[in-house]
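**Student:** The following comprises the amino acid sequence and a computationally predicted model.
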Amino acid sequence: MKTKYIISSIIIILILVVVSQGSYIVNESEQVVITQFGKPVGEAITAPGFYFKVPFIQTTNYFEKRFMEWDGDPNQIPTKDKKFIFVDAYARWQITDPLQFYKRMTNERGAQSRIDDILDGETRNFVAKNNLEEVVRSSNRNPIVSDTTLGLEADSLPKILVGRQKIQDAILLAANSEASDLGIAILDFRFKRINYVKEVQEQVFERMKSERFRIADKFRSEGQGEASRINGEKDKELKTIQSEAFKKAEEIKGDADATAAAIYAAAYNQSFQSQALYAFLKSMETFEKTFDGKTSVILSTDSELYKYLKSMN
């Protein structure tokens, strides 16, 4: 009885081992290539599910089905206009033919190394064929300028014939053409960062400052000219206003004097009594404006003022 139990246990264990070695599961994010003694057998398994294989003889090789990341190392590359820049790029790729991928690359580590060679080489080729502004910018910009600044900003923005986006697309197309027999597809390629090498940065910054100073001097010169024109017009208008005001004031004073003279004449031409009163008031006005408490006056007896003063006693 005990012997039968042992034999049954051994048989069950053997069955479990055979089943575990003869079956495998493929997840949604995986794809599998079956190899027998190192050589691929049949087609690749890309659909998720539960599958069987020959135990102990056949081996499952799992590969990623999802998009994978490639992050390149910054490389120093000269542009067409002989400006050395650091180019840091990244890409996304996918295994599209697992069987071909296994035959050519064996594993994903080998694929990353091959993609390094392809993308670094194509990036160097296309950057070296274009000027710096083509790598940095994707389109021409239309600066908003006034009449006084027209031509300054536009001169500092070279025209773009190719542009960054087209260069990236060209690198992607060339890389996929070169990797067409590797069982992979490079889905996207982008420049992550572009910068000058340290030796060139100072020269570039000095040139940028010089350009800004030139534009600032132009603005300052035009501003000073405009200020002089405004001040000239202001002085001219001020003199015109003052001249008109002086003319108006003189006209008013003339009219006032004429009115006063007419009033004096009308008063003088009235009756004798009114004339005497008028003469008396004028004499008193003169007396008030001429004398104060400390003034001594010598008058002739024939003086009209003396007569009024004498009559007041």
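**Tutor:** Good, I have the coordinates.
**Student:** so how far is the helix or strand containing E134 from its chain's centroid?
**Tutor:** For E134, the host element (DSSP states H and E) is helix 132-136. Its chain's C-alpha centre and that of helix 132-136 lie 17 Å apart, by Cα atoms, centre = their mean, to the nearest Å.
**Student:** go on, stretch 208-227?
**Tutor:** Chain-centre distance of stretch 208-227: 21 Å, with Cα atoms, centre = their mean.
**Student:** how about the helices in the stretch 51-200 of the chain?
**Tutor:** Taking DSSP state H, counting those that start in this stretch as the criterion, the stretch 51-200 of the chain contains helices spanning 98-104, 108-128, 132-136, 152-155, 164-178, 198-268.
**Student:** hey, least reliable of the ones you listed by pLDDT?
**Tutor:** Per-segment mean pLDDT for the helices of the stretch 51-200 of the chain reaches its minimum on helix 152-155, at a mean of 51.
**Student:** Mind listing residues that contact the helix holding E134?
**Tutor:** With contacts defined as Cβ atoms under 8 Å, 6 or more residues apart in numbering, helix 132-136 is touched by 79, 81, 83, 85, 87, 127, 158, 160-164, 167, 191, 194. Placement of C-beta: from N, CA and C, glycine included.
**Student:** repeat that for 7 Å
**Tutor:** Contacts to helix 132-136, defined as Cβ atoms under 7 Å, 6 or more residues apart in numbering, come from residues 79, 81, 83, 85, 127, 158, 160-164, 167, 194.
**Student:** Likewise for stretch 60-75?
**Tutor:** By Cβ under 7 Å, 6+ apart, stretch 60-75 touches 24, 29-35, 53, 86-95, 98, 101-102, 108, 112, 115-116, 119-120, 124, 187.
**Student:** Mind doing that once more with 6 Å?
**Tutor:** The contact list for stretch 60-75, computed with Cβ atoms under 6 Å, 6 or more residues apart in numbering, reads 24, 29-33, 35, 86-95, 98, 115.
**Student:** and those residues, which are buried?
**Tutor:** Among the contacts of stretch 60-75, those scoring as buried are 24, 30-33, 35, 87, 89, 91, 93, 95, 98, 115 (criterion: 16 or more other Cβ atoms under 10 Å).
**Student:** May I see the buried residues of the helix holding E134?
**Tutor:** Buried, per 16+ other Cβ under 10 Å, within helix 132-136: L132, E133, E134, V135.
**Student:** any idea how far the second one lies from Y90?
**Tutor:** The gap separating E133 from Y90 is 22 Å, by Cβ to Cβ, to the nearest Å.
**Student:** which residues touch F126?
**Tutor:** Counting by Cβ under 6 Å, 6+ apart, F126 touches I167, A170, I171.
**Student:** still on that earlier bit, how about TSV for the helices of the stretch 51-200 of the chain, with distance to P74 added?
**Tutor:** Output for the helices of the stretch 51-200 of the chain, formatted as TSV (distance: least, Cβ to Cβ, whole Å):
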stretch	distance to P74
helix 98-104	28
helix 108-128	11
helix 132-136	14
helix 152-155	31
helix 164-178	16
helix 198-268	12
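**Student:** Grab the nearest non-local neighbour of A47.
**Tutor:** Nearest residue to A47, sequence neighbours excluded (Cβ to Cβ, 6 or more residues apart in numbering): V26, at 7.1 Å.
**Student:** For that neighbour, give me the backbone phi and psi.
**Tutor:** When read as degrees, to the nearest 10, the backbone of V26 gives phi -110, psi 120.
**Student:** Alright, calling it a day.
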